[in-house]
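J.: dropping a prediction and its sequence here:
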Number of protein chains: 2
Amino acid sequence: MVGGRITRMSVYDVRFPTSLGGHGSDAMHTDPDYSAAYVVIETDAKNGLKGYGITFTLGKGTEVVVCAVKALSHHVLNKDLGDIVRDFRGFYRQLTSDGQLRWIGPEKGVVHLATAAVLNALWDLWAKQEGKPLWKLLVDMDPKQLLSCIDFRYITDALTEEEAYEILKKGSIGRKEREEQMLECGYPAYTTSCAWLGYSDQQLKQLCSEALEEGWTRFKVKVGADLEDDIRRCRIIRDMIGPEKIMMVDANQRWDVPEAVEWMLKLAEFKPLWIEEPTSPDDILGHATISKALAPLGIGVATGEQCHNRVIFKQLLQADALQFLQIDSCRLGSVNENLSVLLMAKKFQIPVCPHAGGVGLCELVQHLIIFDYISISGSLENRMCEYVDHLHEHFKYPVVIKKASYMPPKDAGYSTEMKEESVKKHQFPEGEVWQKLMATQQN
Amino acid sequence: MVGGRITRMSVYDVRFPTSLGGHGSDAMHTDPDYSAAYVVIETDAKNGLKGYGITFTLGKGTEVVVCAVKALSHHVLNKDLGDIVRDFRGFYRQLTSDGQLRWIGPEKGVVHLATAAVLNALWDLWAKQEGKPLWKLLVDMDPKQLLSCIDFRYITDALTEEEAYEILKKGSIGRKEREEQMLECGYPAYTTSCAWLGYSDQQLKQLCSEALEEGWTRFKVKVGADLEDDIRRCRIIRDMIGPEKIMMVDANQRWDVPEAVEWMLKLAEFKPLWIEEPTSPDDILGHATISKALAPLGIGVATGEQCHNRVIFKQLLQADALQFLQIDSCRLGSVNENLSVLLMAKKFQIPVCPHAGGVGLCELVQHLIIFDYISISGSLENRMCEYVDHLHEHFKYPVVIKKASYMPPKDAGYSTEMKEESVKKHQFPEGEVWQKLMATQQN
């Protein structure tokens, strides 16, 4: 039986000094320190299990998200986990529609990231109490119960609950075979680890060569800061991987709409599969314009890691504004809201290629995309999940990559739990890592 | 000379217990405590002037915005005010594009509200150092300098800097006469004070009757929670004001798109000029659908108070999604971003009817709309500014309403400064007002 009164919710500001190595650098985020607001939920249940939830941040501002998590705590404390999951839609609505707090959102930015951290912890705890990895909890769940986790507010003009039910019913056909296939072969991944903007050409070549040896066949290159640099870097990668393997480029919102089209005309010769985040994540119509302009070149538009809720994804789908949809396990309101986006993507026949990387995003999102394949999309065509080879060592149940594929997690939960020692060392500013860094900077 | 090194930026969590009286209650915000994150900026300039900036909140969560203001402080401290205003676009970009902080926005929600509070304080200080009310500072400013305050990133597909310049050049024709007209007659307002959702029919009638006596001719009614209630309340107001005066209705995002259309068909008999916030503020395509459906009934769509940045407004205009555009002086990135929206609205020929109310929103936005009339729109057709009769007594330079019009402020600054005593008493949780309330609740 799932249950237990929530007696405690703690939240930690955990930061990794990744900016020191240029890891994660792109045209808009030049010096990220990969970080997380890390939530731990405890109950009075005898099993003693805890739920761990994260939301990903880039360093500064993590303390703001931590503050927002605390502002949500009165909705969580003293609730029974069983009551929450039996009316998860109601609980989601309560968190996101608080009559006072919604003004500083609603369902976007800091409060929504905080909501994700809290809900991620609750899903982790639920899956642990059921003794299943999260993807398996979702795969085994009755469609009606699954839908009862989703808030359909503001999306019924694109997807009704009845339509979503039909999708899940159809998705159950062949499910068992797909689950076996996943357990055997895993979910295809692509790598972003070779070509961060802050890396030298030398580093690029070295990392790309290593990745090829490891069996990677899909590579993403950061672009957008300087056209000549981009051409040179894309040429290096394309020359190294050859004409058959897949390359994508990612501008991290650097351009205005006309600029995006012009710039991509210059990069078209390198045959990128998609241009990711060509402009503002809020610009649905802009993405539609870019999609239309680049379609004749065979370049798709991908976006999503900063699309702040299901309403934005709904419109991107309605407007034919993207050809690859990139969910994020922490930007949206946890599993609950991601389920609604996976179902909309299925209806609009757009492949989902999740955003990952950062801290823990790979660990979390693999559950969602494996579930998507088994129970919703039923297809691997044009689909792959981002992978970045950083910071996995801090997780208790780190991702397992085999032959450039995510192998389905086997441990119970949402793979969100970090090692106690890692959390302690990297807490900001009091952790050992930061204390040492600050001491060095003072010298 | 405008200048002075910024030596201190303080921020206060100021809350008014408005929920006790049902003031400000609507279908989504049932118990708001009108609040503000209140910023005070000091410099080392000999004039000793301080800049005051606010952003409006609804109670809980104000502490989160306060935390975000602190996270921005390293961009502000030790800068010279003169340097800031000479490259205000660059400074705006710096605040909104911080490589780490932008992840928890970008330009939306908590961080953007915090940005607004900081920039509002800088505009207040600038206007004070120039010895002019903010609207007059803007009216007198050279068009090139005015444009140098605007970040055109992500809107050049709708409005280029060159087009904006042409608009301002054209706007200068007849400017002097319009300024005199404003000083004499003021800017037309409408009242929302009669018909909050938490008010009884008796209160409704009483307040409407008083407003009619005071000369109000335009009335807004909150709707969206219960159709039968809405019909009854709209009938009361329409009966009292007669067929000629103007009535608007406001659903505060309560509906899904199809529901909005259905519901408004039932309220059409009361001839509302507009339906405000029929659905999610993020739903550009949804607003376009509703606009199209309601056009034959002569009902326009209005939105904006929760549209989180210029990119959303750009698309609402591009998609013919609204007939009345409601800027907010604190939701957007202060004067800087509001200028870009005023200019886009002019290009798309959509009247701007600002959102106001809350704490200080009337005080601030009057400057923007008076400037809009004098230097951009040049028209009062279909235009009016919201007015709510609450909490003005806490401001040092409160709004002056005459014959249902906003009279242009005469004091230097942005009218953002609160009375010291009011701030002290209402600080949360340590202020006298809250200490007393908490003591009462404990008894």
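T.: Okay, I see it. Just so we're clear, the structure is a prediction, and the values are computed from it rather than from any experiment.

J.: contacts only, for the residue of the stretch 51-200 of chain A found nearest chain B.
T.: The stretch 51-200 of chain A approaches chain B most closely through A:Gly109 (2.4 Å), counting by CB to the nearest CB. Where you see a C-beta, it was placed from the backbone N, CA and C, and this is true even at glycine. A:Gly109 is in contact with A:His308, B:Ile104, B:Gly105, B:Lys108, B:Gly109, B:Val110, B:Val111, B:His112, B:His308, counting by CB atoms under 8 Å, 6 or more residues apart in numbering or on different chains.

J.: and if we set it to 10 Å?
T.: A:64-65, A:68, A:308, A:331, B:68, B:103-113, B:308 (CB atoms under 10 Å, 6 or more residues apart in numbering or on different chains).

J.: A:Ile150 too?
T.: A:Ile150 makes contact with A:88-89, A:92, A:159, A:161, A:164, A:310, A:335-341, A:343, according to CB under 10 Å, 6+ apart.

J.: which positions within the helix or strand A:Ile290 falls within qualify as buried?
T.: Element membership for A:Ile290 (DSSP states H and E) is helix A:284-294. Of the residues in helix A:284-294, A:Ile284, A:Leu285, A:Gly286, A:His287, A:Ala288, A:Thr289, A:Ile290, A:Ser291, A:Ala293, A:Leu294 count as buried by neighbour count, 16 or more other CB atoms under 10 Å in any protein chain shown.

J.: which one among those gets closest to B:Phe16?
T.: Distance to B:Phe16, by CB to CB, is smallest for A:Ile284 among these, at 36.8 Å.

J.: right, and the closest one touches B:Asp282 too?
T.: Yes: if you go by CB atoms under 10 Å, A:Ile284 and B:Asp282 touch, sitting 9.3 Å apart.

J.: overlap in contacts, those two.
T.: Common contacts of A:Ile284 and B:Asp282 (CB under 10 Å, 6+ apart): A:Cys307, A:Val311, A:Ile312, A:Lys314, A:Gln315, B:Ile312.

J.: the last one belongs to a strand, doesn't it?
T.: No: the assignment for B:Ile312 is helix, going by DSSP: H, G, I helix; E, B strand; the rest coil, so no strand is present there.

J.: tell me, how many residues neighbour it?
T.: 26 (other CB atoms under 10 Å in any protein chain shown).

J.: one more: the fifth one?
T.: Other residues within reach of A:Gln315 by the criterion other CB under 10 Å amount to 26.

J.: isn't it right up against B:Ile312?
T.: No: using CB under 10 Å, A:Gln315 is not in contact with B:Ile312, being 11.0 Å away.

J.: ok, A:Met240 - contacts?
T.: Counting by CB under 10 Å, 6+ apart, A:Met240 touches A:Cys194, A:Leu204, A:Lys205, A:Cys208, A:Ser209, A:Ala211, A:Leu212, A:Phe219.

J.: with A:Ala71 instead?
T.: Contacts for A:Ala71 (CB under 10 Å, 6+ apart) come out as A:98, A:100-101, A:104, A:110-111, A:114, B:60-64, B:67.

J.: ok, the spatially most central residue of chain A - contacts?
T.: The centre of chain A sits closest to A:Asp328, judged by CA atoms, centre = their mean, with a distance of 2.5 Å. A:Asp328 makes contact with A:55-56, A:116, A:304-308, A:338, A:341, A:354-358, A:361, A:364-365, A:368, A:386, according to CB under 10 Å, 6+ apart.

J.: which two among the shared contacts of A:Ile284 and B:Asp282 are spaced furthest apart?
T.: A:Lys314 and B:Ile312 (14.6 Å).

J.: and the strand or helix carrying A:Asp229, how far out from the chain's middle?
T.: Element membership of A:Asp229 [criterion: DSSP H and E] is helix A:227-241. Relative to its parent chain, helix A:227-241 has a centroid offset of 27 Å by CA atoms, centre = their mean, to the nearest Å.

J.: which parts of that helix are buried?
T.: For helix A:227-241, a neighbour-count test (16+ other CB under 10 Å) marks A:Asp230, A:Arg233, A:Cys234, A:Ile236, A:Ile237, A:Arg238, A:Met240, A:Ile241 as buried.

J.: ok, and the closest non-adjacent residue to A:Ala37?
T.: Spatial nearest neighbour of A:Ala37, excluding adjacent residues (CB to CB, 6 or more residues apart in numbering or on different chains): A:Val65 at 4.1 Å.

J.: okay, that neighbour: pLDDT?
T.: A:Val65 is assigned a predicted lDDT (pLDDT) of 98.

J.: so it sits against A:Asp13, correct?
T.: Yes: counting by CB under 10 Å, A:Val65 touches A:Asp13, with 8.3 Å between them.

J.: look at those two and report which has more neighbours.
T.: A:Val65 (32 against 22).

J.: contacting residues around the more buried one?
T.: A:Val65 is in contact with A:11, A:13, A:35-37, A:55-57, A:109-114, A:116-117, A:330, B:64, B:67-68, B:103-104, B:110, counting by CB under 10 Å, 6+ apart.

J.: sorry, back to before: so the helix holding A:Ile290, near chain B or not?
T.: Yes: applying CB under 10 Å from any CB of the partner chain, one finds helix A:284-294 touching chain B at A:Ile284, A:Leu285, A:Gly286, A:Ala288, A:Thr289, A:Ile290.

J.: what's near enough to touch the fourth one?
T.: By CB under 10 Å, 6+ apart, the contact list for A:Ala288 reads A:Val257, A:Val301, A:Gln315, A:Leu316, A:Gln318, A:Ala319, A:Asp320, A:Ala321, A:Leu322, B:Gln315.

J.: generate CSV for these, with distance to B:Leu81, secondary structure and pLDDT as supplementary columns.
T.: Output for these, formatted as CSV (distance: CB to CB, whole Å; DSSP: H, G, I helix; E, B strand; the rest coil; pLDDT from 0 to 100):
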residue, distance to B:Leu81, secondary structure, pLDDT
A:Val257, 34, helix, 98
A:Val301, 42, strand, 98
A:Gln315, 40, helix, 98
A:Leu316, 41, helix, 98
A:Gln318, 45, helix, 98
A:Ala319, 43, coil, 98
A:Asp320, 47, coil, 98
A:Ala321, 41, coil, 98
A:Leu322, 43, coil, 98
B:Gln315, 34, helix, 98
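
J.: dump the residues you listed to CSV, plus distance to B:Gly131.
T.: Output for the contacts of A:Ala288, formatted as CSV (distance: CB to CB, whole Å):
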residue, distance to B:Gly131
A:Val257, 41
A:Val301, 50
A:Gln315, 46
A:Leu316, 49
A:Gln318, 51
A:Ala319, 49
A:Asp320, 53
A:Ala321, 48
A:Leu322, 51
B:Gln315, 39
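
J.: many thanks, have a good one.
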